[in-house]
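A.B. asks: The sequence isn't on hand, but the structure is:
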């Protein structure tokens, strides 16, 4: 894997900075080709890299975006989504520029260059905590949705307790038969094919959401009770708009939208590993991968939120699929969508696992060459831990809400900003230069997001209320 190759670069601090920077320049024709900060040439194509990064961005939060739009209105939601997408692309630009100057393509080693060993450990810990939370959220979807899908395929009207309808058994089976074999691949680039299939499943989900907009009348009927869902769910999202689209609205839930959207664009731990394995890697080429991936997810997020909201308006629930099930629990299309979402989140777990393994390798085995035993052992232990969390921790949403409120702003705003300020030499960019001031403001914005998110969680805990929303 790419990490062991990167480990040696923590010892390259004595190299001349210009010489390192020149490694990014194209080699002259006929000259001997040298490795770009790694001891192998990246073999992943531009398209496959886009699939991998897009899959890393795409999270379970897409199911909560219609709910978020219902709490902001269409115009405000679009403005916020555009701002977060631009900030995410800018954050990746800071990471790539920092990596280009010092010749490092590992998030943890950027932390080491910026702040020494404490910076390396801090970055590794934040990546590990955030991605374990993301993996757990995906497996929670498998735990809750897969039994329902199997039950529907078997034409069972209720769960009668068979083992194959037990979500705990099912996540163990899925982890062992699907996720673990994919996680054992040595290079992240090989997952481009599964990432492409995962994204196609989410495209099917999006097409179904658009189709259902024109097939579900408003007000819709509750498939369980033959009552309009607005009678008992009108205030699910704090609004009372039955069949009227709001362009701009503010309510008690509006403040949750920014953290939800920020978390939906977190992909930064995967950026540098994907950069390492990119064929003919240059900063410009990788920035192109990032820009296309962010733009593609922006379009998917916007269309999903818009058509989901325009289908149910004030009756939309925090998990969009649940709302469709209330209309018609036996709808074949909704069943297929559930299956597609299950496939998508299952195939995303291995992509998220790679950065955790890299972070652990950077801390525990910084100078060890690649060993299959360590590679396999870390993957197995991580999946074992995540399965335990999903099975035994009942209040996992609150726990990972707290993790997400601290790790996501750190990865997308704070760390890229402060790494850039510390790594870019002052003779190249003075401390009071426009770019470093912008990076400082960017990091400050992350602190604001963190404080705001933590405040909402604490308020929820102290008041005893539960405000749900999509997480990445």
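C.D. replies: Yep, it's here. Keep in mind that this is a model prediction, so the values were computed, not measured. Residues are numbered from 1 along each chain as shown.
A.B. asks: Can you show me the helices along the stretch 1-150 of the chain?
C.D. replies: Applying DSSP state H, counting those that start in this stretch to the stretch 1-150 of the chain gives helices spanning 2-7, 17-21, 46-57, 65-70, 74-102, 107-115, 117-153.
A.B. asks: Turn the ones you listed into CSV, including mean neighbour count.
C.D. replies: The way it works is simple: take the backbone N, C-alpha and C, and place the C-beta from them, glycine included. As requested, those are exported to CSV (neighbours: other Cβ atoms under 10 Å):
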stretch, mean neighbour count
helix 2-7, 22
helix 17-21, 13
helix 46-57, 24
helix 65-70, 29
helix 74-102, 20
helix 107-115, 25
helix 117-153, 21
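A.B. asks: will you turn those helices into a markdown table that also has mean pLDDT and distance to residue 216?
C.D. replies: Below are the helices of the stretch 1-150 of the chain laid out as a markdown table (pLDDT from 0 to 100; distance: least, Cβ to Cβ, whole Å):
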| stretch | mean pLDDT | distance to residue 216 |
| --- | --- | --- |
| helix 2-7 | 38 | 46 |
| helix 17-21 | 39 | 56 |
| helix 46-57 | 85 | 29 |
| helix 65-70 | 87 | 13 |
| helix 74-102 | 90 | 19 |
| helix 107-115 | 87 | 44 |
| helix 117-153 | 86 | 19 |
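A.B. asks: Between the ones you listed, which one is closest to residue 304.
C.D. replies: Evaluated over these, closeness to residue 304 peaks at helix 65-70, with 5.7 Å, by Cβ to Cβ.
A.B. asks: and that closest one, how far out from the chain's middle?
C.D. replies: With Cα atoms, centre = their mean, to the nearest Å as the basis, helix 65-70 stands 18 Å off its chain's centre.
A.B. asks: Out of the helices of the stretch 1-150 of the chain, which gets nearest to residue 332?
C.D. replies: Per Cβ to Cβ, nearest to residue 332 of those: helix 117-153, 8.8 Å.
A.B. asks: coming back round to it: any chance of the helices of the stretch 1-150 of the chain in JSON lines with distance to residue 393 as columns?
C.D. replies: Supplementary listing: the helices of the stretch 1-150 of the chain in JSON lines, determined by distance: least, Cβ to Cβ, whole Å:
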{"stretch": "helix 2-7", "distance to residue 393": "29"}
{"stretch": "helix 17-21", "distance to residue 393": "44"}
{"stretch": "helix 46-57", "distance to residue 393": "24"}
{"stretch": "helix 65-70", "distance to residue 393": "24"}
{"stretch": "helix 74-102", "distance to residue 393": "29"}
{"stretch": "helix 107-115", "distance to residue 393": "27"}
{"stretch": "helix 117-153", "distance to residue 393": "8"}
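A.B. asks: Residue 340 is nearest to which of those?
C.D. replies: helix 117-153 (10.3 Å).
A.B. asks: Helix or strand next in line after that closest one, which one?
C.D. replies: Using DSSP states H and E, the helix or strand that directly follows helix 117-153 along the chain is helix 167-174.
A.B. asks: Taking helix 117-153 as reference, get the angle to that next one.
C.D. replies: 110 degrees (axes from the mean of the first three to the mean of the last three Cα atoms, to 10 degrees).
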